[in-house]
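Asks: Got a sequence here, can you model it:
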Amino acid sequence: MAKRGMEPAVRDILAAIGEDPDREGLRKTPARVAKAWRELTVGYREDVKALFTGILHDVDYSEMVVVRDINFYSVCEHHLLPFFGAATVAYIPRKHVIGLSKIPRLVRHFAARLQVQERMTQQIAQALDDNLKPLGVGVILCARHLCMEMRGAMSRLSPTVTSAMLGCFRRDPRTRDEFLKLAAGTR
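Replies: Below is the predicted model of the structure:
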């Protein structure tokens with residue numbers, strides 16, 4: 001969306017809720033909101049494959065790699081309100097490992113667009129599987145949705161947990177159990 005398109009739309013929203021977009025505290029709000037939305041939706045303008053370009057390392061390692069407590073912020077596509085939480089992402093290498101910092105970047109990539117948590121969980125798992133070709137992938141997202149807490153059900157502090165399991169994480173109950181224990185912080 002072009003900058004010139006967002007600012008007039010924000011002015012219209014302010015007027016529609018009964019505010020004066022020209023009052024002192026709101027004059028710069030349309031520009032600030034447009035800038036914020038460009039940041040919040042950068043995932044539409046990034047190429048997920050670029051996250052994996054030139055960073056796969058041949059390492060003789062075939063045990064589970066788990067990155068926990070990856071904070072993320074996203075926006076619910078149904079109400080345009082934030083949801084936020086933490087991701088746990090794991091994989092078992094087949095031939096390659098990925099730099100650990102790429103995993104939080106992958107989570108942020110999919111969080112930085114209008115989302116539903118279920119799809120985001122699957123997108124993270126599928127991108128890792130497609131680009132790394134591991135033996136298996138596990139992803140868990142635990143998030144609070146302001147669309148559920150601030151309005152509607154008004155169910156405060158009711159996190160939603162979603163998971164995606166691919167490859168051996170789906171097929172092998174022992175692998176799944178190990179992942180779930182590591183994700184929970186137990187051994």
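Asks: hey, let's count contacts and neighbours off CA atoms from now on
Replies: Fine.
Asks: contacting residues for D129?
Replies: G136, V137, L166 (CA atoms under 8 Å, 6 or more residues apart in numbering).
Asks: which ones are touching the residue most central in space within the chain?
Replies: Centrality entry for the chain: nearest residue to the mean C-alpha point is A111, 2.9 Å, by CA atoms, centre = their mean. A111 makes contacts with G43, F72, Y73, S74, V75, M120, as judged by CA under 8 Å, 6+ apart.
Asks: Can you name the residues bridging to T88?
Replies: I140 (DSSP bridges).
Asks: That one - how many residues pack around it?
Replies: Residues within reach of T88, counting by other CA atoms under 10 Å, total 24.
Asks: Repeat that for H109.
Replies: So H109, with other CA under 10 Å, has 24 neighbours.
Asks: Next: K28.
Replies: 14.
Asks: Now do it, the pLDDT please.
Replies: Per-residue pLDDT puts K28 at 97.
Asks: do D47 as well
Replies: 93.
Asks: how close does it get to H109?
Replies: According to CA to CA, to the nearest Å, D47 stands 9 Å off from H109.
Asks: And for Y44?
Replies: On the measure of CA to CA, Y44 and H109 end up 8 Å apart.
Asks: State the mean pLDDT of the longest helix seen in the chain.
Replies: Longest helix of the chain, by residue count under DSSP state H: helix 117-132. Averaged over helix 117-132, pLDDT sits at 97.
Asks: distance between that helix and the chain's centre?
Replies: How far helix 117-132 lies from its chain's middle: 10 Å, per CA atoms, centre = their mean, to the nearest Å.
Asks: hmm, back to that, among the contacts of D129, which one sits closest to A34?
Replies: V137 (36.0 Å; CA to CA).
Asks: if you skip the residues just before and after it, what's nearest to C147?
Replies: Spatial nearest neighbour of C147, chain neighbours left out: L81 (5.7 Å); criterion: CA to CA, 6 or more residues apart in numbering.
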